[in-house]
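>>> quick one, what's the 3D model for this:
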Amino acid sequence: MKKIGLDDFLKAYSVKSFHELPRIRLSDKRFADAKLKHEERIQKQEGKSMNKKLPQINAEAKNIPIVTMDVWKAIKKANKPEPSIFRFGNLLSRIEIDDFGVPFISTLTVESLTYELAHRVYFYKWGGSKKRYKVDATPPRFIVDAILSTPEKPVPVLKRLVTIPVFGPSGSLRLTPGFCKVSGILFSPRESLKIPTVPSHPSQKDIKKAKQILLEDFLVDFPFSTRSDKAHAIVFLLLYPVRALIKGPTPLHVVDAPVQGTGKTLLVSAVESIWVGDEISPMSEATNDEEWRKKLFSALRKAPPYITIDNIKQRLSSAALESILTAEAYEDRILGVSTISKVPIQSIFVATGNNIAYSSEVIRRAVRIRLDAREEEPWLRKTFKHPNLKDWVKQNRPQLLWACYTLVQAWIAARKPRGQDKIGSYEAWAGVMGGILKTCGIDGFLVNIHEFYKEADAEREDRAGFVQAWFKALGCTTVTVTMLLPVAQEFIPDFDNGTARSQQTRLGIFLSKLRGRVFEGLTICKRGSVSGLQTWQLVRKSAQPEKEPQGPEGPFAVAKKIAEEGKRKLKGLKGPLSPSSPGKSGHEA
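Numbers count the residues shown, from 1 in each chain. Purely as a prediction, here's the structure:
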């Protein structure tokens with residue numbers, strides 16, 4: 001028998017054949033080494049065959065413009081037919097999967113782009129002295145930096161990532177996975193769902209069945225305070241699939257209740273489970289505006305379907321949140337680097353809490369969904385149609401999706417009639433969502449909005465009380481900040497802190513922000529300055545500004561006397577204005 005070496009045997013046959021040879025132990029070190037070398041050789045051969053298919057670029061080339069152009073050509077070629085590298089926030093990005101199987105948008109760093117280039121381009125160096133041959137090389141750092149720094153990156157612009165079919169800007173339900181260049185939406189399904197066929201022109205029977213699934217099954221156990229709150233819950237539920245049909249921002253959906261355990265977080269997580277498959281990790285509230293800015297921008301950079309601010313304890317006020325809620329894109333600096341990124345805002349914002357207090361700016365950007373079980377301990381309730389709602393949602397998710405799609409499709413089939421109710425900054429949202437609910441016969445949309453503003457705007461109550469006290473003490477007289485200071489100390493929270501000078505400065509800034517505002521028919525107006533002091537006046541809404549009172553000591557003589565008298569009466573001024581009060585002049589106050 002002809003002898004053959006181990007290496008040659010493995011080349012000619014296989015490891016399996018080697019196992020079948022007699023008189024050898026599989027634990028023998030020689031066998032383990034030979035097996036390892038064999039596997040490395042196979043991988044190298046496979047790598048060479050793969051490298052032959054990739055564009056080849058010399059890693060030692062120094063002409064950066066030409067090399068960069070060749071790399072971009074390779075990226076564009078690898079991005080077809082379905083792209084995997086995108087531009088999001090003007091930065092190169094890709095789709096990653098977290099530990100829970102949820103996809104998200106991730107910005108490419110130097111390390112991650114090096115990985116992507118190594119799988120799209122074969123970089124090599126020349127080896128050998130006499131006989132030249134190609135040697136494998138890693139993507140050079142200067143090429144990686146050049147690709148990241150390219151001003152106009154020739155890759156598709158990604159605006160939204162979805163894992164379930166949604167309606168596109170034209171109104172068609174996109175069922176095919178992939179990227180849509182028109183809408184900038186990437187549909188990347190996580191699982192295969194058998195959703196019942198959605199009729200293109202739903203009948204009244206279809207609409208009735210869809211409403212029954214959502215109202216009498218899904219939402220039946222939630223104790224909505226009014227029919228308007230239930231209508232807003234349906235709006236919150238239907239917003240995800242129609243987001244591309246709304247050309248503009250969407251408001252903050254606030255789910256609140258008088259006491260804990262009423263079902264606020266359960267409602268939010270159940271809605272999120274329908275569209276995402278799992279509940280979204282909520283965000284805690286921030287303690288200052290700088291923290292709000294960092295938290296919100298970090299969340300927006302991943303383009304999550306929902307941004308949930310759970311269990312709010314403090315007064316909800318943030319300049320960053322207010323700006324984001326009325327914008328279609330948000331620009332900020334990325335933490336840890338000096339790069340500025342401008343990201344599109346397609347996420348749905350929702351907040352939960354018990355009797356939340358709001359700033360005046362946030363409240364006009366919010367829509368309320370109030371739950372009230374009218375029980376001392378609502379978390380101990382036992383009469384539920386679905387004792388475990390989350391499990392029921394998972395089991396009936398296809399039917400719930402069908403019901404949502406059917407209601408939206410009914411509106412599209414009716415040629416997308418717009419709702420008549422409007423909110424400033426959210427006209428497109430109100431038109432689409434109001435139209436869907438009206439088409440499907442669900443009433444209550446925005447019916448309680450004025451009541452919500454009045455109940456939740458604690459700031460307005462304080463300011464209205466301040467204006468009433470001002471009018472009772474000083475009438476429509478032209479006054480200075482110094483003359484108004486006693487009223488402010490009595491009616492504006494935390495205004496009696498600090499020195500007299502700082503109080504006057506803060507009151508001047510406070511009045512500047514209220515200039516032109518109307519409270520109980522009285523408008524705060526800014527007048528000219530006298531001896532370097534800015535003056536202010538209350539003007540009745542339907543009246544012309546009154547003439548300044550004149551006296552022997554000058555224009556402020558009467559006002560000063562009134563102010564001195566008013567200081568003695570302030571403790572009894574917190575009651576409402578009498579019916580005849582607005583008709584009095586400054587001399588009669």
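>>> CA atoms for contacts and neighbours, from now on please.
Fine.
>>> which residues are in contact with the one helix or strand Cys525 maps to?
Per DSSP states H and E: Cys525 is located in strand 522-530. By CA atoms under 8 Å, 6 or more residues apart in numbering, the surrounding residues in contact with strand 522-530 are 467, 478, 511-512, 514-518, 534-541.
>>> and stretch 190-203, by the same measure?
Stretch 190-203 is contacted by residues Gly101, Val102, Thr163, Pro398, Gln399, Leu401, Trp402, Tyr405, Thr406, Gln409, Ala410, Ala413 when judged by CA under 8 Å, 6+ apart.
>>> just the buried ones from these, in ChimeraX syntax?
Those of the contacts of stretch 190-203 that count as buried under 16 or more other CA atoms under 10 Å are selected in ChimeraX with:
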select :163,399,401,402,405,406,409,410
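>>> CSV for the contacts of stretch 190-203, including distance to Glu272 and secondary structure?
Converted to CSV, the contacts of stretch 190-203 look like this (distance: CA to CA, whole Å; DSSP: H, G, I helix; E, B strand; the rest coil):
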residue, distance to Glu272, secondary structure
Gly101, 15, coil
Val102, 13, coil
Thr163, 12, coil
Pro398, 14, helix
Gln399, 15, helix
Leu401, 12, helix
Trp402, 16, helix
Tyr405, 15, helix
Thr406, 19, helix
Gln409, 21, helix
Ala410, 23, helix
Ala413, 26, helix
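>>> of all the contacts of stretch 190-203, which two lie farthest apart?
Gly101 and Ala413 (35.4 Å; CA to CA).
>>> which of the contacts of strand 522-530 fall in helices?
Among the contacts of strand 522-530, the ones falling in helices (DSSP state H) are Val467, Leu511, Ser512, Leu514.
>>> excluding chain neighbours, what is closest to the last one?
Using CA to CA, 6 or more residues apart in numbering and skipping the chain neighbours, the partner closest in space to Leu514 is Ile524 (6.7 Å).
>>> before we move on, what about Thr226?
Arg370 (7.8 Å).
>>> angles on the backbone of the one you found, please.
The phi/psi pair for Arg370 (degrees, to the nearest 10) reads phi -100, psi 130.
>>> residues contacting it?
Phe224, Ser225, Thr226, Asp229, Val254, Val255, Asp256, Ala257 are the contacts of Arg370 under CA under 8 Å, 6+ apart.
>>> the closest residue to Lys153 other than its chain neighbours pairs with what?
Once flanking residues are discounted, Lys153 sits nearest to Arg87: 7.3 Å by CA to CA, 6+ apart. For Arg87, the beta-bridge partners are Leu92, Val157 (DSSP bridges).
>>> quick one: which of the contacts of stretch 190-203 is nearest to Lys472?
When these are compared for distance to Lys472 (CA to CA), Ala410 wins out at 56.3 Å.
>>> quick check: the gap between that closest one and Phe167.
13 Å (CA to CA, to the nearest Å).
>>> ok, now Leu380?
Taken as CA to CA, the span from Leu380 to Phe167 is 40 Å.
>>> then Ala257?
Taking CA to CA as the measure, Ala257 falls 32 Å from Phe167.
>>> these two: who's more crowded?
Shown here are Ala257 and Phe167; by other CA atoms under 10 Å, Ala257 has more neighbours (24 against 19).
>>> can you list phi and psi of Phe471 for me?
Dihedral pair for Phe471: phi -70, psi -40, per degrees, to the nearest 10.
>>> what's the burial count for it?
Other residues within reach of Phe471, judged by other CA under 10 Å, total 23.
>>> for the one 3 residues further on, same thing?
Using other CA under 10 Å, Leu474 has 30 other residues around it.
>>> got it, and the one 3 residues further on?
With neighbours defined by other CA under 10 Å, the count for Thr477 comes to 29.
>>> quick one: it from Gly127, how far?
Looking at Thr477 against Gly127, where the rule is CA to CA, the gap reads 92 Å.
>>> what's the answer for Ile57, then?
15 Å.
>>> end to end, how far does stretch 506-524 reach?
End-to-end distance (CA to CA), stretch 506-524: 16 Å.
>>> what residues of that stretch count as buried?
Going by neighbour count (16+ other CA under 10 Å), the buried part of stretch 506-524 is Leu507, Gly508, Leu511, Val518, Phe519, Leu522, Thr523, Ile524.
>>> who's in contact with stretch 213-222?
With contacts defined as CA under 8 Å, 6+ apart, stretch 213-222 is touched by Thr262, Gly263, Leu267, Leu371, Phe384, Lys385, His386, Val393, Gln399, Leu400, Ala403, Cys404.
>>> where are the low-confidence patches of the stretch 1-150 of the chain?
Applying pLDDT under 70 to the stretch 1-150 of the chain flags residues 1-52.
>>> repeat that with 90
Applying pLDDT under 90 to the stretch 1-150 of the chain flags residues 1-64, 80-82, 89-90, 97-103, 120, 124-137.
>>> mind listing the strands for it?
All strands of the stretch 1-150 of the chain, identified by DSSP state E, counting those that start in this stretch, fall at 56-58, 85-88, 91-97, 103-107, 122-127, 133-136.
>>> closest to Val242 out of these?
Of all these, strand 103-107 sits nearest to Val242, with 20.1 Å by CA to CA.
>>> other SSEs contacting the closest one?
Secondary-structure packing of strand 103-107 (3 or more CA pairs under 8 Å, 6 or more residues apart in numbering; DSSP states H and E): strand 91-97.
>>> next, count neighbours for Gly444.
The tally of other residues near Gly444 (other CA under 10 Å) stands at 16.
>>> how near is Thr163 to Ser347?
Distance from Thr163 to Ser347, counting by CA to CA: 14 Å.
>>> mind listing what Gly128 touches?
Contacts for Gly128 (CA under 8 Å, 6+ apart) come out as none.
>>> Gln56 reaches His119, doesn't it?
No. With contact defined as CA atoms under 8 Å, Gln56 does not count as touching His119 (11.5 Å).
>>> do you know how far Glu111 is from Asp145?
In this view, Glu111 and Asp145 are 11 Å apart by CA to CA.
>>> the more surrounded of the two?
More crowded of Glu111 and Asp145, by other CA under 10 Å: Asp145, with 15 against 10.
>>> about what we covered before: Ile57 and Gly127: who's more crowded?
Ile57 (18 against 12).
>>> what's the distance between that one and Ser129?
With CA to CA as the criterion, Ile57 and Ser129 are 20 Å apart.
>>> just the strands in the stretch 351-500 of the chain please.
Ranges of strands within the stretch 351-500 of the chain are 366-370, 479-480, based on DSSP E, counting those that start in this stretch.
>>> just those strands: most buried one?
Mean neighbour count, computed with mean count of other CA atoms under 10 Å, is highest for strand 366-370 among these, reaching a mean of 25.
>>> now it: average pLDDT?
Here strand 366-370 scores 93 as its mean pLDDT.
>>> given it, what are its sheet partners and their directions?
strand 252-257 (parallel).
>>> alpha carbons of the strand it pairs with, as CSV, please.
What follows is strand 252-257, C-alpha atoms only, in CSV (Å, rounded to 0.1, in the frame of the first residue of the first chain):
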residue,chain,number,x,y,z
LEU,A,252,-47.8,64.6,22.7
HIS,A,253,-50.3,62.0,23.8
VAL,A,254,-50.8,62.2,27.5
VAL,A,255,-52.3,59.3,29.4
ASP,A,256,-53.1,60.4,32.9
ALA,A,257,-55.3,59.4,35.8
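>>> no further queries at this time; thank you.
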